[in-house]
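K.L.:
Need coordinates for the following:
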Amino acid sequence: MKRFLFALLFSVVCISASETVQAQSNPSVEELQQFFNGQQLLVTYREGEAVYGTYYFLEIHYCPNGYYGLYGNTVKQTVLGNEQRSNWQEYGNWKVINQNGLNGIHYVSLQGTQQFFPIYKLENGDMFIREGVSIVKQGQAICN
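P.N.:
The predicted model follows:
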């Protein structure tokens, strides 16, 4: 589940699948660095069905020194009409790199998990990884 969460941390909503496939390009390392560096982002998405799926809300702080902090919340509706909620935190280091010809974000969590996720740029300038995920800049990252 955490691998999936990492992939979703850096996604942008796209209006339609056909538009995404036709109008995406791989942004430069410099563009990605500028987009994420020092920013606080709110990422939201859903896994599963509309009624009984799990909703994710991720607040991510990308510090200029390469450190990240993720504060996650989930909400799930049960069959009996109750809500199940959970919260977690995760920390580590991030950097923008080129891997196999694609530019993206490389993460190393404090637990040692390493992941790379290519990021694409849409024609309108938004960054994108997959459908159904929204990302909203919330201002400056809170860093120590």
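K.L.:
Surely Pro64 is in a helix?
P.N.:
No: under DSSP: H, G, I helix; E, B strand; the rest coil, Pro64 sits outside any helix and is assigned coil.
K.L.:
Dump the lengthiest strand in the chain to CSV, keeping only the CA atoms.
P.N.:
Criterion DSSP state E: the longest strand present in the chain is strand 83-99. What follows is strand 83-99 as a C-alpha-only set of coordinates in CSV (Å, rounded to 0.1, in the frame of the first residue of the first chain):
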residue,chain,number,x,y,z
GLU,A,83,-16.6,5.5,9.0
GLN,A,84,-13.2,4.0,9.6
ARG,A,85,-10.5,6.6,9.9
SER,A,86,-6.7,6.3,10.1
ASN,A,87,-3.7,8.6,10.2
TRP,A,88,0.0,8.1,9.7
GLN,A,89,3.2,10.0,9.1
GLU,A,90,6.2,9.2,7.0
TYR,A,91,9.5,11.0,6.5
GLY,A,92,12.6,10.7,4.3
ASN,A,93,14.6,12.2,1.5
TRP,A,94,13.5,13.2,-2.1
LYS,A,95,15.3,14.3,-5.2
VAL,A,96,14.5,14.8,-8.9
ILE,A,97,16.6,12.5,-11.1
ASN,A,98,16.6,11.0,-14.6
GLN,A,99,16.2,7.2,-14.7
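K.L.:
who does that strand pair up with?
P.N.:
Strand pairing for strand 83-99, using DSSP bridges, gives strand 67-77 (antiparallel), strand 102-109 (antiparallel).
K.L.:
now for the ones you listed, which one comes closest to Gly132?
P.N.:
strand 67-77 (15.5 Å; CB to CB). In this view, the C-beta of every residue, glycine as well, is placed from N, C-alpha and C.
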